[in-house]
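[1] fold the following and give me the result.
(one chain, ligands or ions: 1)
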Amino acid sequence: MTAVRTTCPYCGVGCGVLARADGAGGAAIAGDPDHPANFGRLCSKGSALGETLSLDDRLLHPVVRGVRATWDRALAEVARTFADTIRDHGPEAVAFYVSGQILTEDYYVANKLMKGFIGAANIDTNSRLCMSSSVAGHKRAFGTDTVPGTYEDLEQTDLVVLTGSNLAWCHPVLFQRLAAAKAARPGMRVVTIDPRRTATSELADLHLGLAPGSDVALFAGLLRRLAAAGRGDAAFIARHTSGLDAALAAAAAFDIGAVARVTGLGRGEIEQFYRLFAETERVVTVYSQGVNQSSAGTDKVNAIINAHLLTGRIGRPGMGPFSVTGQPNAMGGREVGGLANQLAAHLEIGDPAHRALVQDFWQSPQMPTQPGLKAVDLFEAVHDGRVKALWIMATNPAASLPDADRVTAALARCPFVVVSDVVQATDTSRYAHVLLPSTAWGEKDGTVTNSERRISRQRPFLPPPGETRHDWRQLAEVATRMGFPGFDWPDAAGVFREHAALSAHGNHGTRDFDIGAHAAIDRAGYDALAPFHWPQPAGEAPRARFFADGRFYTPDRKARFVATPYRAPAGRTGGARPLILNTGRVRDQWHTMTRTGKTARLTSHYAEPFVEINPLDARHLGLAAADLALVESDRGRALLRVLVTARQRPGSVFAPIHWTGQQASQSRIDALVAPHVDPVSGQPESKFTPVSLTRF
Ligand code: SF4
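    Alright, predicted model coming up:
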């Protein structure tokens, strides 16, 4: 059997995979040597994909109110209940909560149905938990949600600053590329900035173990120092930026003493970092969830971008701020308006001209004029009854949203919940009135976009099992049953074609996202589509980097410095909750382990949920390695195995996000996390929850 070229369904690196079906439901997996994200490399998760394809836990047919049903019956129930809810309570009474796991074509159809035809903007995604602070920071600085650089920049640079990113575990192949580049050019320097000493820190020439949540102070101090030392690029600043004075005024308080006080770092190590940054022309700053998942996440992003704008280090080889996304298609979702505060094709809900443009393209009856509810607010609206019909697709919010017990309570009282998933039993699916079986990786057909704006195909190599259907088709069939025109694509290629055409509609180089070169793609072209960077307007080649010409997408085409005064995290430690809980991933698991939990090769890395604690704190609390500890916050509790390690900063503990109520009844770590969000992005603060630990 010939190998099919597809893309790994896990992290935002977006590695190319060669999958060869074995004829018995499994597949042999190898890295695609021709894919420009990974050149044949795979990490532990990607290489184990062939071991995760069994059907034992799959949802294989529709279920309506606990009883197996036909598709006809299930779709009719969904369409009728959504239509009745809209008629009786208005369009704001319905909502979709989708996922960075679905493909761009799925996202496109969900967004078109909600914003163009239902006429509300209540569609949000678990990508809100992942990178929405980066989206907001990009838009404040550049006018658009644009990642300026590419993976090659990490290989071409002389200094990589990794802040709030455990790249070695969360984006392993990109880390492998970085490690190989450093081995080939030992003069390259790597700085890691993270309260934890992670596997990524092992590559670092300098590790800054700063206090959780203090990044803005560190980067504001850097801005102040760079300006004071005359390291600014005066010509770039004058010609291509605005707002520097306000940003410098906000940073004025952060001399070395103040930075040391807020971050808890030594003056010497701060000076060393500032000197390295100042004296190295080619610098890339990579950031991820440690920056984004914060009540000051957007300010953290802008504090980083400010330092690059001051030095003019953006859009050129080996230079720039670089957000890496957690999920395989967080970027694709952004492109088609998968967030409640976006339209499609990077257009703005709040802009009447943008709304008119999309409405004209879709020939839709109505468009929302206001952003919809972001993830945390959306589930609060479910809880208080404003949202009465909810469609959840490819995600498990009862396990993964902050304040997960309140989310569970919200689902329990919601009059109508639809869940589309590949898995039968999840913490969320037990609240579904209608369960719809979806195709999974290996069966799905569409595109994803990785962290460097590269669009790749996910191609099927297995037949859809049972009665499963693609997510986009489920949405389209409900839309058609609700009487809406324009949802009759023959296949995923048709959806992609429309998405590409919309990106070019009325776009005369005034926005960043344009893939108009693919607006007339046919099925054969779609099947053969090679990975490409966006943008690619009609008649042009793809463009790898943005902003080399100093032209941004703000009204005056200048990048904006943003003033970022320091704000402490929303939670307060002390008294009964003396420790700070930080949550994140482990190397060999993905999300709630529905795939990675199926193979012993991956589960043997960490076999059970745990909490990492510094030896000093462990001794103080009378905890020893392998004890069970009750971890409690003001929101919830979890029972976790104690792992004592000096990697952990005193005063902080770490627990992984992967275990759910399906594996162990008291291990949903997000039940502990408070729903504090960033005021600009709406992203929850998942890295700073005051907790206590007691021996169980
Ligand atoms: Fe998959 Fe990410 Fe590993 Fe690449 S690095 S194989 S995309 S999990």
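
[2] can you get me the start-to-end distance on stretch 152-172?
    End-to-end span of stretch 152-172 (Cα to Cα, to the nearest Å): 15 Å.

[3] average pLDDT for that stretch?
    Looking at stretch 152-172 alone, the average pLDDT works out to 98.

[4] contacts only, for the residue in the stretch 201-350 of the chain that the ligand sits nearest to.
    Relative to the ligand, the nearest point of the stretch 201-350 of the chain is Pro328 (6.7 Å; Cβ to the nearest ligand atom). Quick note: C-beta positions are derived from backbone N, CA and C, even for glycine. By Cβ atoms under 8 Å, 6 or more residues apart in numbering, Pro328 lies in contact with Thr7, Cys8, Pro9, Tyr10, Cys11, Gly12, Gly14, Gly100, Gln101, Val448, Asn450.

[5] quick one: which helix or strand includes the residue nearest to the last one when sequence neighbours are not counted?
    Meaning Asn450. The shortest distance from Asn450 to any non-neighbouring residue, by Cβ to Cβ, 6 or more residues apart in numbering, is to Gly14 (2.6 Å). With elements delineated by DSSP states H and E, Gly14 resides in a region that no helix or strand encompasses.

[6] do Thr694 as well
    Here Thr694 sits within strand 689-695, counting by DSSP H and E.

[7] can you list the buried residues in that strand?
    Of all the residues in strand 689-695, those buried under the rule 16 or more other Cβ atoms under 10 Å are Thr689, Pro690, Val691, Ser692, Leu693.

[8] and the ligand, which of these contact it?
    Within the set of these, contact with the ligand (Cβ under 6 Å from any ligand atom) is found for no member.

[9] can I get those in TSV with pLDDT?
    Below are the buried residues of strand 689-695 laid out as TSV (pLDDT from 0 to 100):
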residue	pLDDT
Thr689	98
Pro690	98
Val691	98
Ser692	98
Leu693	98
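
[10] ok, now how distant is the residue nearest to Ser294 when sequence neighbours are not counted from the ligand?
    Nearest-residue entry for Ser294: Glu685, 5.4 Å, with adjacent residues in sequence omitted and distances by Cβ to Cβ, 6+ apart. Spatial separation of Glu685 from the ligand under the definition Cβ to the nearest ligand atom, to the nearest Å is 25 Å.

[11] Glu685 and Ala559, how far apart?
    Counting by Cβ to Cβ, to the nearest Å, the gap between Glu685 and Ala559 amounts to 27 Å.

[12] which stretches in the stretch 451-600 of the chain count as strands?
    Residue ranges of the strands in the stretch 451-600 of the chain, as given by DSSP state E, counting those that start in this stretch, are 454-458, 532-533, 559-560, 579-584.

[13] which residues touch whichever residue of the stretch 1-150 of the chain sits closest to the ligand?
    Per Cβ to the nearest ligand atom, the residue of the stretch 1-150 of the chain with the smallest distance to the ligand is Gly46, at 2.4 Å. With contact set as Cβ under 8 Å, 6+ apart, Gly46 has these partners: Cys8, Tyr10, Cys15, Val17, Ile29, Gly31, Val173.

[14] what strand or helix carries it?
    When secondary structure is defined using DSSP H and E, the element that contains Gly46 is helix 44-47.

[15] next SSE after that helix?
    For helix 44-47, the following helix or strand on the C-terminal side (DSSP H and E) is strand 63-64.

[16] what pairs with whichever helix or strand comes after that next one, parallel or antiparallel?
    Using DSSP H and E, the helix or strand that directly follows strand 63-64 along the chain is strand 67-68. Under the criterion DSSP bridges, strand 67-68 sits next to strand 63-64 (antiparallel) in its sheet.
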